[in-house]
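Visitor: Show me the folded form of this:
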Amino acid sequence: MSREIQLELLESAVSVTAALLEQQAPQTCDEMWEALKKPMESKILHGIWTGRTLEINIPGGNRSFDPESIPLENATTTPVPGDILWEYIPKGIIRSVDTALWNIMIAYGPESIMRTPLGPQPCNVWAIISSKNKEKFFKECAKQWFGEAQKIRIERVTA
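Guide: Purely as a prediction, here's the structure:
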C-alpha cells in the first residue's frame, strides 16, 4: 500500500489526502515521511513569486534531515494543481531572506511557476493531492492570497 498524507486547513476545517510519489521521488518521500513522524502544524504563506501556490515552512521540530542531502528528483518549475513540492533555499542566497527556507509548497491553480527573485527554482514533486474534494480545498487555498494566514496540519495517513 502506498503512503499517504492528510493536509487540513485548520480554520476552515477542509482537508484532503495526497499520495506520495515514491517511484518518482524516493529520497524526498522518505525524508518528508520521516519529518512527519510527528504531525506538522504551521502557518501558511501565499507564494510571493510563484503564482497560485502556498508555502509551508517546516517547523524546527519536524526538521529531521539534512536538506542539502535531497537530490533533484521528479523536479519541475511548472507544477500542476495538486502537486506538493519540496523547496530548500539556503540562508544568504536571496538578499532579502536572512534564514534558510525549508518549504513544502502546494500548487492549487494554473499559472504556477517555481521561482525566486534569482530566476527559476526547480522543486521536487513528491506527492499529489488525490481527494475528490480537492476543488473545495483549492478554493480555500485561493483565499490565502488576500485573507489572514490560516494554519495547516500535515500528518501521515498510512504506513
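Visitor: Partner strands of the helix or strand Ala19 falls within, with direction?
Guide: In this assignment (DSSP states H and E), Ala19 forms part of strand 14-20. For strand 14-20, the paired strands and their directions (DSSP bridges) read strand 4-9 (antiparallel), strand 123-129 (antiparallel).
Visitor: On the C-terminal side of it, identify the next helix or strand.
Guide: helix 26-35.
Visitor: what lines up beside the helix or strand just after that next one in the sheet?
Guide: Following helix 26-35 in sequence order, the next helix or strand is strand 40-46 (DSSP H and E). Next to strand 40-46 in the sheet, as set by DSSP bridges, lie strand 53-57 (antiparallel), strand 151-156 (antiparallel).
Visitor: what angle do strand 40-46 and helix 26-35 make?
Guide: 120 degrees (axes from the mean of the first three to the mean of the last three Cα atoms, to 10 degrees).
Visitor: what comes up buried for strand 40-46?
Guide: Counting neighbours by 16 or more other Cβ atoms under 10 Å, one finds that the buried residues in strand 40-46 are 40-42, 44, 46. For every residue, glycine as well, the C-beta is placed using N, CA and C.
Visitor: If we only consider those residues, which is nearest to Arg115?
Guide: His46 (14.6 Å; Cβ to Cβ).
Visitor: show me what contacts the closest one?
Guide: His46 sits next to 53-55, 144-145 when contact means Cβ atoms under 8 Å, 6 or more residues apart in numbering.
Visitor: ok, so of the residues you listed, who is nearest Ala107?
Guide: Nearest to Ala107 among these, with distances taken as Cβ to Cβ, is Thr53, at 5.2 Å.
Visitor: Not counting its neighbours along the chain, what's nearest that closest one?
Guide: Sequence neighbours aside, Gly47 is the residue nearest to Thr53 in space, at 3.8 Å (criterion: Cβ to Cβ, 6 or more residues apart in numbering).
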